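[1] give me the fold of what follows.
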Amino acid sequence: MKCLILAAGYATRLYPLTENFPKPLLKVGEKTILDWLVDDIDTAAAVDEYVVISNHKYARHFEDWAKSKQQKITVVDDGTDTNETRLGAVKDIQFAIDTLGLDDDMLVIAGDNVLDFSLTEFIFYAKAKQTSCIMRYYEADEKKLLKCGVVTVDENERVLNMTEKSPTPATHWCCPPFYYYTNRDAKLVQEGIESGCGTDAPGSYIAWLCTQTSVHAMQMPGKRYDIGNLESYEKVKAEYKGIMR
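    Numbering: from 1, shown residues only. Reported below is the predicted structural model:
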């Protein structure tokens, strides 16, 4: 299995910290955000290569970081150098698939979140379901729902519908940016793009995919810390205690 790490954004709301430095390599406690994610995922012994998808502006920073890691890490430079010319998450995923000739199951994650639970639980869930999978958590705040991917599921946790940033969310189940694609479904990303699925938010591909095949949604077993601006970054640094096992 490959792990694709989405890290090609420009994090403009975190300027000046990220004006010349990538958000996923900011420190939270004794580790960078990426260290927390990769070191945890690696305990499942399910991933044989990590692929960091970067923009051109920050690629060198990720390459330097990769040299310090024991895992096999490949950095893919999508060639963009401004927020205005970014490809968007879904096109970045396809860019990495094409560039490296990837042909495997894939764990696709945002590189700018920290979690207080292990992502290995999600990997095992997806392997048991044998379908592409997402996670979901209950969001009570209706204003926050407007900024999220929102899913409707049946009694067997199968996704019936998913929308990205809908003005009329159907449920309170939000989808964080962590996804599992079966090899079969990873081959459909280009078809999804050509069919008109959104390409900026990574969940847009899943919103299309669940209309084509079965996708399941595991309830998130802990808390996700989203680092969106300077205030939230300072809060995470003060509150985050690591992964609870």
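
[2] looking at W36 now. What's its pLDDT?
    In this model, W36 is scored at 96, pLDDT.

[3] residue contacts, it?
    For W36, the contact set (CB atoms under 8 Å, 6 or more residues apart in numbering) comprises 28, 114-115, 242-243. Placement of C-beta: from N, CA and C, glycine included.

[4] okay, the most far-flung residue of the chain relative to its centre: pLDDT?
    Largest separation from the mean C-alpha position in the chain: E155, at 25.3 Å (CA atoms, centre = their mean). Per-residue confidence (pLDDT) for E155: 95.

[5] repeat that for R245.
    R245 is assigned a pLDDT of 66 by the prediction.

[6] repeat for K144
    For K144, the predicted pLDDT is 86.

[7] could you list the low-pLDDT ranges of the protein?
    The model of the chain has pLDDT under 70 over residues 245.

[8] mind listing the strands for it?
    2-7, 27-28, 31-32, 49-54, 73-77, 106-110, 113-115, 132-138, 149-153, 159-164, 173-175, 178-181, 215-219, 224-226 (DSSP state E).

[9] out of those, flag the one nearest V189.
    strand 178-181 (7.9 Å; CB to CB).

[10] now the contacts of W36 in a markdown table, with neighbour count and distance to V236?
    Converted to a markdown table, the contacts of W36 look like this (neighbours: other CB atoms under 10 Å; distance: CB to CB, whole Å):
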| residue | neighbour count | distance to V236 |
| --- | --- | --- |
| V28 | 18 | 6 |
| V114 | 23 | 7 |
| L115 | 24 | 11 |
| G242 | 14 | 12 |
| I243 | 18 | 14 |
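
[11] dump those residues to a markdown table, plus distance to Y137.
    Formatted as a markdown table, the contacts of W36 follow (distance: CB to CB, whole Å):
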| residue | distance to Y137 |
| --- | --- |
| V28 | 20 |
| V114 | 15 |
| L115 | 11 |
| G242 | 19 |
| I243 | 17 |
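
[12] from the residues you listed, pick the one nearest P221.
    Using CB to CB, L115 is the member of these that sits closest to P221, with 9.4 Å.
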